[in-house]
Structures are given as structure tokens and as C-alpha cells.
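Novice: Just a sequence and a predicted model for now, questions to come.
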Amino acid sequence: MNLKLKIWRQKNAEDKGAFESYDVSDVSPDMSFLEMLDVLNENLSREGKDPVHFDHDCREGICGMCSLYINGKPHGPKDAVTTCQLHMRSFKDGDIIVIEPWRASAFPVHKDLVVDRSSFDRIIQAGGYVNVNTGGVPDANEIAIPKVIADEAMDAAQCIGCGACVAACKNASAMLFTAAKVSQLALLPQGQVERHSRVEAMVAQMEEEGFGNCTNTQACEAVCPKEISVTHIARLNREYLAAKASSDNI
Amino acid sequence: MALDSKIPEGPLAEKWTKHKFKSKLVNPANKRKYDVIVVGTGLAGAAAAASFGELGYNVKSFCFQDSPRRAHSIAAQGGINAAKNYQNDGDSVFRLFYDTIKGGDYRGREANIHRLAEVSVNIIDQCVAQGVPFAREYGGTLSNRSFGGAQVSRTFYARGQTGQQLLLGAYSALSRQVASGKVQLHARTEMLDVVIVNGQARGIVTRNLITGKIESHSAHAVVLATGGYGNVFFLSTNAMGSNVTAAWRAHKKGAFFGNPCYTQIHPTCIPVSGDHQSKLTLMSESLRNDGRIWVPKTAVKGLKAADAAKITEEDRDYYLERKYPAFGNLVPRDVASRNAKQMCDEGRGVGPSGLAVFLDFKDAIKRDGLETIKGKYGNLFDMYEQITGDNPYEMPMMIYPAVHYTMGGLWVDYNLMTTVPGLYAAGEANFSDHGANRLGASALMQGLADGYFVLPYTIGDYLADMPYDKISTDHEEFQKAETAVKERINTLLNINGDKTVDDFHKELGHIMWEYCGMARNEEGLKIAKEKIKALKKEFWSNVKVLGENEEMNMSLEKANRVADFIELGELMIDDAQNRKESCGGHFREESQTPEGEALRIDDEFSYVAAWEYKGEDQEEELHKEQLEFENVKLTQRSYK
């Protein structure tokens, strides 16, 4: 099939950026979306033009590196997939496809479709872990965890940190990402000691990074490639209130 | 230079304990005087950097991805082995050791593998303490499954995302050290050279992938945990960014390269669909527990999965069940892979390319019901349909072997130190623990073992003898390395030829797969050697690299890596030529049993091949580390 692509090009963080149009022909329905962009880039390279920069790595839907706003939706038209797992059979011959980077001030653009998501790392650094040193820990089966709890923690833990939730949110809120980690550790016995300080610190960092607030539109859950549920946001809110109620940090 | 593996004296089971006691220690108050660089943030790298930070060293951690959480360890699906014997089914440290040695076709080092089995037990404790949500039984204890032909259930897992959860555990430990200020994180930064001062590794040269800036970082020791090099084949299950550059540059600076031709081919991947294909996707091997593998008895050109039902039972060849009745569809990875290739070579392959075999769940669905199969493999079936557009509940899947994991890597001694003092290699980047073939669920184990439980001990032994003084990055060796890196980049940017970097990478991949893949022979390897030499020459005169250095430039990043892949490819061919035995996944056609099975030649090849770089366009020198087997008896593997 033949397609027309409208792609956001932006040389660097200072550049203003603009859409450019490109035609790609002979696209096979078996190609992934990123392979279709590879074809475009090979064509551009042969013409001596700078290829379109985009993030990608594992191409198996798990590393969370790929991004892209495709026709107004993070990771494109299909539910519960990353961009690398989106295939061209989801499009038709003659389609016009609009491709943009994640849009959020806490995710500034590096170049073209590549954004800076290090704010997510800083949210984790604020407390998204259990303070435990290597070695000298109890035997694994000393910490019994009911299967239902372990499963629920796993549901939260499978967040890949891609940022689609932020990109889809009208407030560019990072609540679903933060909630997934807070929820995972709040559910597990290992996370209890720091339960309150963790949620306070992570929420504070989220705000410091410039992410907006959650207003319960649930756009995040709708686009999450791993189908992380907004119920984790509800848990985050409960955790936060409980922490604040007993906190010294007013 | 003589290879010294530094394997401790004494009985196997006591080597590691005694070695730890004999290792010199760094006084806790002095640890802050040492700087350590860790390149790579996968299981081995993140675990090492976090552990060094905890101990009190100043750590600089580097990854080329935008976040350490994206290292390719995250993609491992199946699980992690540990000799916990929670199932009371007869597992033990020795049994895990034995299975690993045998599975590696007796080309691994006994002492290292026994240590791996020993610390496997601690790894699970560590990960659980970090909050890794492993699968649990209703009573709250950890759940186990069996994997990769093992006769005990020793594999711990977190759904089909075990690698992800373990990596996020290590990443969280790393994040904690970043927050505490003990680890300085450099994401989107690629190591391009290692700097050696007075014979010791004292730092690295990097390129900032956002600004293009070339920078130097000085330290007292350098750890490379930079993963495998399967992408030399262009198509592999590795992430797109996985590359050999850090290890290769270290090799050129004196680190020997061990067993480069040892590549693991994974039997159950989604077949190639066309020339546009950028990578291959692995389907979990657990599918072989219920799926039956077959091809038509007589060739049917371009047979589609949708038409598979038209082939009657009598016209189907369930070739694994026919040839290996005892193991059937569950033969080890190398045997399954080789047989699939054989069927396709005979012209009986299926699908549009003829390079695929069927993996059929029809009988399993009839036997156990659709819901049971959905419950077991639902996510894998969905993923398959996502990629191929075929519904595997209604028709068989198509699979074909693909390059997966590389057992070769930088040669290291028992302390995980390369032949360059102060330069260490961990995880898939070293050669030491898997022999010629890796068992399922053991890569994660090795990454975390090296990072959490080996390097933190062995690095202290080295640093204890080092003076505290830091070397300035103004030192002439740093300046020399920086200049060389800059010159290479300028050369690449100014060739301005006709062919893109991907053109070269694909061509390299074809050569490697055709002549140095699942099956090789003397004649083919000779052809490959000539082809690669020509390819290298053409690359440096005809590659087209766009853009400038002083910006984000992914075309340049790729060119830099592909140039290294071409050189490594040549060494892989040299190594394959030298190893005239069939071993692990490497079927040397000249060495087979009368039944056509792989034939190992222990008298001649029970050694690690460690290659020494001798200069640009010079043949490398082969050194041999003789493998001593005192605790296991070498036997021919047979699955009949």
C-alpha cells in the first residue's frame, strides 16, 4: 500500500519544529509500524536527507522505549499494544498518518519524535524501591504473600514506563505511572516499612517535574499498552491521604 | 601471554568460600576513595552498580538507552533458575551445576559454574526482598516450574515477564543509589573506548548521544556489562540497539575474546516475513510442551497455515516425535533448531518463504479444551496474532529458529577480570558460564549472580592494591583515545558513499547466517572469510552516514556499531574454522555421528578459545585455556 505521512520534525530542543510530509510506497501489511518508518528512513538516507529520529529498542513490546502519537493516539489506533507491536495491516492504502512526539512539558523534545523521559527515572529515584542492601536478606519463602496479592502487585508491576499515559492525559499527569509503582509496593509486605514516606516523596517529585494533576478522565488507562488499571490511582490517592494524615511533612 | 584463569585450589564446593576469604578487603572508610565505572544497566550492570554503591565506592553508570530500565534483560520471558529445592524434588547446588555443565556440552568452566549454582539461591532471596512479584502458590510460598529439559522444578517466574521484573528490581536498587548520590547515572551515553594507563584500565571515552559530545571518564576499575552480540546476524531476537562496540573496543585494547563463534539459536521464533524485517520475535519455548511440530511429508510450495488442515494426518511428518521418540517435541534447543533447518533444506518448509515449520495445537485443544490452552498460553497466542495476523487457535503457528544469545564474550578469569588488569566483564558480555549452549532460564541467573554476588567481592581484591590517586582525564592516554574516537567519527561522516549502514548490516547478516549459523563447514567458512574482508573494505569506502557529530545522530551511532560487527564477524569465522567439532548449537558438518547427530571431539577441543588482537588487518592469535573436568564425566549427549 501507499501512504502519506505527516511527521513532526524538530532539529533539537531549541528548534521550533514543524510537520513535514512524506510518501512511502510498497508498504507490506506484515511490516510493523516501526519497520515502515525504517523504510522511510532508508529512502531519506539514500536521498541524502537526515532520517526521522524516533525511539525504539526491543521491538517486542516490553522495553517501553518506543513512543509516537499516531493519528492523535499514543501508540496508534489499536488497544493494548506498543508502537513496535502495531502492524501496518491496521491501516489502509492511501491513508494519511500523522505522527507526533509525546506532548508534555515534563517530556521535552530532544529531536524529531524523541523525547526526554528522565523525569520518570527521577520519580522512581524519589522512593520507588525497597531500601534493602544486597545480601543478608531473609530466605525468600520467609515472606509469604497470598497469591491474589502477588497477582495484583504483578498487575501493577508490569508498567513499562513508556509515557503513553502522560501523553494521552489532557493534564499531562503522571499519576498512572507513579500509582503503578506505589501500588505494587504498598500491596507487598516488603514495601510496608516505607509505605508512607514513599508515596509522599514520589508524589512530591511528580509535581516538581511539572506533571499535571489527575482529573479522572481515565484517558491513561484507555491508552496504556499494558492495561494498567486506574484502580491503582485510587489506591495511590488512599495511600497519599493516609500518609498525609499521619505525616510530619505538612 | 599465558592465560591464568585463577581458579582457586581445593574441592569444587569450597572454592568460592575459600576464595572470598582469601580475597583482600578494602577498609569501609577507604571505599569512598575509589571510583568504579560500570557500562550497561541490564541485570549484571545495574546489579553491580547498585552493589558497588551500597559498599561505598563512587560509581558511574552508563547506558545508551534513555533509561537504565530499558536494558534488553527486560525482554527475557521464561524465568530464572535457582537450586532452592522448595519443591522437594531432589534439586541441589550440585544438580544445577551438573545440568548447566552438561547442557553447555562440556565447554564451560567447572569452578565458575559451580559458583553460579551456589549463589543462585541468594539471588531469589535478594529479589524477593526488593519486592519482585514472583508467582506464588495459594499458601503464599513461591511457585516453580520446570524449564528447558530440567527434571526438577527450579524455575522462578513472574508471568511471562520475569526478565522485566528482575530488571526493574535491579533498576530500583540502582535508583536508590542514584538518589543517595553514590551512583552517577549517564543515560543516552555510549562507550567508545577504554583507556589504559600503565597497563591498567583507568577509564573510558564516551559519546553523549544527545549532543554528540566526546567525553572522558576516569576511574580505578571498569566493568563492562554490555550484553551479547547476536545482532552481528542483523536479524536476531536482540533489541535493535544491542551491539558489541564496548566489548570489541576493549578487545582491541588487549582483552582476549573467548569462544566468539558460540551462538545460541532459539527454535521457536516467528519466521521472517520479508526483506523489510528488522528483528525476530521469540515465542516462549514453553509452547513446545503442548504444540506438535510438523511439516508435510512431501513438499507443498508456499503452504499457508490456513491451508494446513488440508494436509491429512498420513501426509504429515511429526519429525521430532519420529526421530526422537523419548523426548519428542521437547528435545533441547540445538536439536530442535537443527532439525527445523533440515526440513526446510529438504524443501519441506512451509509458509511463503519455505523457511518455517508448523507448531500445531489442534490436538492439545481437542484433548484439554480451548479454555485450558487459553489459560496456559493466551498472551503468547495474542502476541502471535498481533504480529502475523493469523489466529493460532484456528490454524497452526509457524516457527523458525533464530539467533538468540551469545555464549562467547570477553575472556575472564575466576574474578571476572579480562586479560586487561582492572577491566571486568559480566553477564552476557563475558564467556564463562554457559559453555557451548545455554540452558533455558540461566541467563538471568548469571547476570544477577555476577552483579550482586561475584563482582562486589572480586573487585575489592583488585582495588585493595590500588593507590587512591585519581588520574586526570587530561592524561595523554585519555587524550590519545579521545582523538582516535573523534577521528573515526570524522572518517565515517566524510566517506559519503552510496550504501546505507543498514545495507551493510544486512549483507553482513546474510554472510554470517549462511556460513556461520546453525551449520557450518570448512569450505563455507573460507568463502565467508573472503566475503567479510571485502565487505569491510567496501564499508570504509562506500558507506553513507548522514548528519553531523555534534547532534543526535542515529545514523552515525549505527555506523559505528556496524563497523565493529563486521570485524567481530571475521573473528567469529576464524573461531568457527578452528573448532572442527560439532558442539552445542554449532553443527560442524564434517563432525557428525553415523546417524547425523552432532559429534563433539573432546580429545582435541576441550578448551576455551581466547583470541588476542594483534593489530589492524592482522590475523588474531589463538590462546587455549584447557578445560579440566574433575567432577563430571564427559558423555555424548543423546536424545534418542
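Specialist: Now that the structure is in, tell me what you want to look at. Residues are numbered from 1 along each chain as shown, chains lettered A, B, ... in the order given.

Novice: Show me the shaky parts of the chain.
Specialist: Went with chain A since none was named. Under the criterion of pLDDT under 70, the regions of chain A flagged as low confidence span A:250.

Novice: was after chain B, sorry
Specialist: Low-confidence segments of chain B, defined by pLDDT under 70, are located at B:148-149.

Novice: Quick check: residue B:583 touching residue B:105?
Specialist: Yes: at 5.1 Å, residue B:583 and residue B:105 qualify as touching, with contact defined as C-beta atoms under 8 Å. To be clear about C-beta, it is placed using only N, CA and C from the backbone, and glycine gets the same treatment.

Novice: Give the residues shared as contacts by these two.
Specialist: By the contact definition C-beta atoms under 8 Å, 6 or more residues apart in numbering or on different chains, residue B:583 and residue B:105 are jointly contacted by B:436-437, B:600.

Novice: out of these, which are inside strands?
Specialist: Within these, membership in strands is found for no residue, as judged by DSSP state E.

Novice: for these, which one is nearest chain A?
Specialist: Nearest to chain A among the shared contacts of residue B:583 and residue B:105, counting by C-beta to the nearest C-beta, is residue B:437 at 22.8 Å.

Novice: what number of residues lie near the closest one?
Specialist: The burial metric for residue B:437, expressed as a neighbour count using other C-beta atoms under 10 Å in any protein chain shown, is 25.

Novice: now the one 4 residues further on
Specialist: The number of residues packed near residue B:441 is 25, by other C-beta under 10 Å.

Novice: Could you do residue A:72 as well?
Specialist: Using other C-beta under 10 Å, the number of residues around residue A:72 comes to 10.

Novice: how far away is it from chain B?
Specialist: Between residue A:72 and chain B the distance, using C-beta to the nearest C-beta, to the nearest Å, works out to 21 Å.

Novice: tell me the contacts of that residue?
Specialist: The neighbourhood of residue A:72, defined by C-beta under 8 Å, 6+ apart, consists of residue A:98.

Novice: With residue B:119 instead?
Specialist: With C-beta under 8 Å, 6+ apart as the criterion, the residues that contact residue B:119 are B:16, B:449, B:452-454.

Novice: Name the residues of the stretch 1-150 of chain B found near chain A, please.
Specialist: Proximity of the stretch 1-150 of chain B to chain A, by C-beta under 8 Å from any C-beta of the partner chain, involves residues B:47, B:50-51, B:54, B:65-70, B:72, B:74-75, B:84, B:86, B:122, B:124-131, B:133-142.

Novice: Residue A:105: how many residues sit nearby?
Specialist: Look at residue A:105: counted by other C-beta under 10 Å, it has 11 neighbours.

Novice: swap in the one 5 residues further on?
Specialist: By other C-beta under 10 Å, 23 other residues sit near residue A:110.

Novice: ok, now residue B:636?
Specialist: Close neighbours of residue B:636, defined as other C-beta under 10 Å, add up to 12.

Novice: phi, psi of it?
Specialist: With angles defined as degrees, to the nearest 10, residue B:636 shows backbone torsions of phi -70, psi 130.

Novice: Check residue A:84 too.
Specialist: phi -70, psi -20.

Novice: what's near enough to touch residue B:293?
Specialist: Applying C-beta under 8 Å, 6+ apart to residue B:293 gives the contacts B:318-320, B:329, B:336, B:340, B:357-360, B:399.

Novice: 6 Å instead?
Specialist: Residues touching residue B:293, when contacts are defined by C-beta atoms under 6 Å, 6 or more residues apart in numbering or on different chains, comprise B:320, B:329, B:357, B:359.

Novice: Assign it to helix, strand or coil.
Specialist: Secondary structure of residue B:293, reduced to three states by DSSP: H, G, I helix; E, B strand; the rest coil: strand.

Novice: What's opposite it in the beta bridge?
Specialist: Note on residue B:293: beta-bridge partners residue B:359, judged by DSSP bridges.

Novice: number of nearby residues for the closest residue to residue B:373 other than its chain neighbours?
Specialist: Distance criterion C-beta to C-beta, 6 or more residues apart in numbering or on different chains; nearest residue to residue B:373, sequence neighbours excluded, is residue B:365 at 5.3 Å. Here the number of neighbours of residue B:365 (other C-beta under 10 Å) works out to 18.

Novice: same deal with the one 10 residues further on?
Specialist: As a burial measure, the neighbour count of residue B:375 was computed by other C-beta under 10 Å and equals 10.

Novice: how close does it sit to chain A?
Specialist: Separation of residue B:375 from chain A (C-beta to the nearest C-beta): 14 Å.

Novice: Report the buried residues of the helix or strand that residue falls within.
Specialist: If you go by DSSP states H and E, residue B:375 is part of helix B:370-388. Along helix B:370-388, these residues count as buried under the neighbour rule (16 or more other C-beta atoms under 10 Å in any protein chain shown): B:373, B:376-377, B:380-381, B:383-384, B:386-388.

Novice: so which strand or helix has residue A:55?
Specialist: Using DSSP H and E, residue A:55 maps to neither a helix nor a strand.

Novice: mind listing the helices for the stretch 1-150 of chain B?
Specialist: The residue ranges that make up the helices of the stretch 1-150 of chain B, judged by DSSP state H, counting those that start in this stretch, are B:15-22, B:43-55, B:93-103, B:110-130.

Novice: ditto for the stretch 151-300 of chain B
Specialist: Assigned helices in the stretch 151-300 of chain B, in chain order: B:162-180, B:245-252 (criterion: DSSP H, counting those that start in this stretch).

Novice: Neighbours of residue B:34, how many?
Specialist: Residues contacting residue B:34 under the criterion other C-beta under 10 Å number 24.

Novice: So residue B:435 sits against residue B:104, correct?
Specialist: Yes: under the contact definition of C-beta atoms under 6 Å, residue B:435 touches residue B:104, with a separation of 2.1 Å.

Novice: When these two are compared, which one has more neighbours?
Specialist: For the pair residue B:435 and residue B:104, the greater number of neighbours falls to residue B:435 (26 against 23), based on other C-beta under 10 Å.

Novice: which residues does that one contact?
Specialist: Contacts here follow C-beta under 6 Å, 6+ apart; on that basis residue B:435 touches B:104-105, B:107-108.

Novice: Could I get the contacting residues of residue 139?
Specialist: No chain specified, so I'll use chain A. By C-beta under 6 Å, 6+ apart, the neighbours of residue A:139 are residue B:125.

Novice: my bad, chain B
Specialist: Residues in contact with residue B:139, defined by C-beta under 6 Å, 6+ apart, are absent; none qualify.

Novice: for residue B:273, same thing?
Specialist: With C-beta under 6 Å, 6+ apart as the criterion, the residues that contact residue B:273 are residue A:30.
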